[in-house]
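J.: structure for the following, please:
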Amino acid sequence: MYSSAIQPCLPSLIILRFSMAAAAVIGVVLVALLSVFYVNWRLDRSSGCHFPAIYNFGDSNSDTGSVSAVLRQVPFPNGQNFGKPSGRHSDGRLIIDFIAENLGLPYLNAYLDSIGTSFRHGANFAATGSTIQPPHLRMFEEVCYPLSLNIQLLQFAQFKARTTQLYPQVQNSDIKNTLPRPEDFSKALYTMDTGQNDLHDGFTSMTVEQVQKSIPNTINRFSQAIEQLYQQGAKIFWIHNTGPIGCLPFFVINYPPKPDNVDQTGCIKSYNEVAQEFNRQLKDMVSQLRSKLGDALLTYVDIYSAKYSLISEAEIHGFVDPFGQCCGQNGKFRECGKKAVVNGTEVDGASCTNPSEYISWDGIHYTDAANQWVAGRILNGSLSDPPLPISEACHKPLHLELKY
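T.: Numbers count the residues shown, from 1 in each chain. Predicted structure coming up:
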């Protein structure tokens, strides 16, 4: 009597077992396919990107000679590690120099430096005093530096157009080897390090609240700049956020904050909060551009965290007082490399004897040693979104490849 009740269930049981077996086989196949995909994905990345060139845009944090070429020489002891003025606001190398070293490329020449210059491996459009906002839209306390980001983009557009036109016509190999190969523009790395001066100018001419309200418009212009470069053929971007401006000795010493506006490190809390808001909106902008510019690869780099970590733990990392500076005296009485009369006595803005122990070179810019420390923290990808080292910035992360 039980057999007649059980028999009708046998076909269903067989089908169920078959379905489970089929599902298991499909699962194994999918795992195998994903494993092959992942192995191939890793193999594609094992040799790095081999960028043929770097094109950099920004301000004095990455200026390697623009302002020296077009306005005035950045005076010695700036560049003392090079044995002469180098166009850099530091005793030695900037982060852009460490980027070039990491990628096996020569240091970038300034686009405006026309004497004996090679642009085969890129060009630097960054200029001291540059901002994201055009000059006519911002206030100046003392001097106007006209080479804002929009001007740098115009320079790049002309540079690319003239290179593309002239390269096929050049017969002399020595001259041709100083020009970029036209096909390299789409393979190059485009680095961006700008925004600090927009905040700097604001803090010296507006209230903190006004500076914060200006951020959306500034970020919008930054976004437009990246889109313009993309339309010019740029595909791979390495974008630094802005650093902890409230920790710069220039501000801490010359604009001393009230006790309730000082953080645990000694930095100006409200200034850093504005910088963090700038960075939050910048990161959102980069995320939106990833969706908008489908084949572009944009890496957001949290340089703020690297610099703040260095400043807040200066002694641990072998540096002295993070609010001291090696060259000049906080910009109030004498500037690095310049003479000034203080209490009737002429003094030089000379360098200290131990710059490698200082984070700040001149109250605003970093020393070679500090730049090297920061570069070591950002170029490995640990502070990047997506978390890829700069040598792999030409690759799309696995989760994005699967998504798209």
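J.: show me where the stretch 101-250 of the chain has its helices.
T.: Per DSSP state H, counting those that start in this stretch, the stretch 101-250 of the chain carries helices over the ranges 149-166, 173-176, 196-203, 208-231, 249-254.
J.: need the distance between the two termini of stretch 301-320.
T.: End-to-end distance of stretch 301-320 (C-alpha to C-alpha, to the nearest Å): 26 Å.
J.: rounded mean pLDDT for it, please.
T.: The pLDDT scores in stretch 301-320 average 98.
J.: so for that stretch, what gets flagged as buried?
T.: 301-312, 314, 319 (16 or more other C-beta atoms under 10 Å). For glycine as for every other residue, the C-beta is placed from the backbone atoms N, C-alpha and C.
J.: out of the helices of the stretch 101-250 of the chain, deepest packed?
T.: Of all the helices of the stretch 101-250 of the chain, helix 196-203 has the most neighbours on average by mean count of other C-beta atoms under 10 Å, namely a mean of 23.
J.: quick one on the thing from earlier: quick one, which of the helices of the stretch 101-250 of the chain gets closest to residue 343.
T.: helix 249-254 (17.9 Å; C-beta to C-beta).
J.: give me the contacts around that closest one.
T.: By C-beta atoms under 8 Å, 6 or more residues apart in numbering, the surrounding residues in contact with helix 249-254 are 203, 245-246, 266-268, 271, 323-325, 330-332, 360, 363-364.
J.: again with stretch 340-353
T.: Contact with stretch 340-353 is made by 77, 80, 91, 326-329, 333-339, 358, as judged by C-beta under 8 Å, 6+ apart.
J.: can you flag the buried ones in those?
T.: Applying a neighbour-count criterion of 16+ other C-beta under 10 Å, the buried members of those are 77, 80, 91, 326, 327, 328, 329, 334, 335, 336, 337, 358.
J.: the stretch 1-150 of the chain: strands as residue ranges?
T.: 54-58, 122-124 (DSSP state E, counting those that start in this stretch).
J.: ugh, typo on my part, it should be the stretch 201-350 of the chain
T.: Under DSSP E, counting those that start in this stretch, the stretch 201-350 of the chain gives strands at 236-240, 297-301, 339-342, 345-348.
J.: which one among the buried ones among the contacts of stretch 340-353 gets closest to residue 67?
T.: Closest approach to residue 67 among the buried ones among the contacts of stretch 340-353 (C-beta to C-beta): residue 337, at 13.3 Å.
J.: surely the closest one and residue 365 touch.
T.: No. Look at residue 337 against residue 365 with C-beta atoms under 8 Å: they stay out of range, at 12.0 Å.
J.: return the residues in contact with the most centrally placed residue in the chain.
T.: With distances taken as C-alpha atoms, centre = their mean, residue 240 lies nearest the centre of the chain, 2.8 Å away. Residue 240 sits next to 58, 95, 191, 192, 193, 301, 303, 378 when contact means C-beta under 8 Å, 6+ apart.
J.: may I ask which two of these are separated the most?
T.: Taking C-beta to C-beta, no two of the contacts of residue 240 sit farther apart than 58 and 378, at 14.6 Å.
J.: these two: who's more crowded?
T.: Comparing residue 58 with residue 378 by other C-beta atoms under 10 Å, the one with more neighbours is residue 58, at 28 against 23.
J.: from residue 306, how far out is that one?
T.: 16 Å (C-beta to C-beta, to the nearest Å).
J.: any weak-confidence spans in the stretch 101-250 of the chain?
T.: Scanning the stretch 101-250 of the chain for pLDDT under 70 picks out the ranges 136-145.
J.: which one is residue 68 nearest to, not counting chain neighbours?
T.: Nearest residue to residue 68, sequence neighbours excluded (C-beta to C-beta, 6 or more residues apart in numbering): residue 87, at 4.0 Å.
J.: same thing with residue 307?
T.: residue 243 is the one closest to residue 307 (C-beta to C-beta, 6+ apart), at 4.4 Å.
J.: what's the distance between that neighbour and residue 395?
T.: From residue 243 to residue 395 the distance is 27 Å (C-beta to C-beta).
J.: higher neighbour count, these two?
T.: Between residue 243 and residue 395, counting by other C-beta under 10 Å, residue 243 is the more crowded of the two (26 against 18).
J.: got the contact list for the more buried one?
T.: With C-beta under 8 Å, 6+ apart, residue 243 has these contacts: 61, 196, 275, 303, 304, 307, 308.
J.: so the closest residue to residue 388 other than its chain neighbours, which state does it fall into?
T.: Nearest residue to residue 388, sequence neighbours excluded (C-beta to C-beta, 6+ apart): residue 381, at 4.7 Å. Three-state call for residue 381 (DSSP: H, G, I helix; E, B strand; the rest coil): coil.
J.: and residue 381, how far is that from residue 279?
T.: Relative to residue 279, residue 381 is positioned 18 Å away (criterion: C-beta to C-beta).
J.: looking only at neighbour counts, state which of those two leads.
T.: Legend: neighbour count by other C-beta under 10 Å for residue 381 and residue 279, higher for residue 279 (22 against 17).
J.: quick check: the more buried one touching residue 302?
T.: Yes. The pair residue 279 / residue 302 is scored as a contact, 7.4 Å apart, by C-beta under 8 Å.
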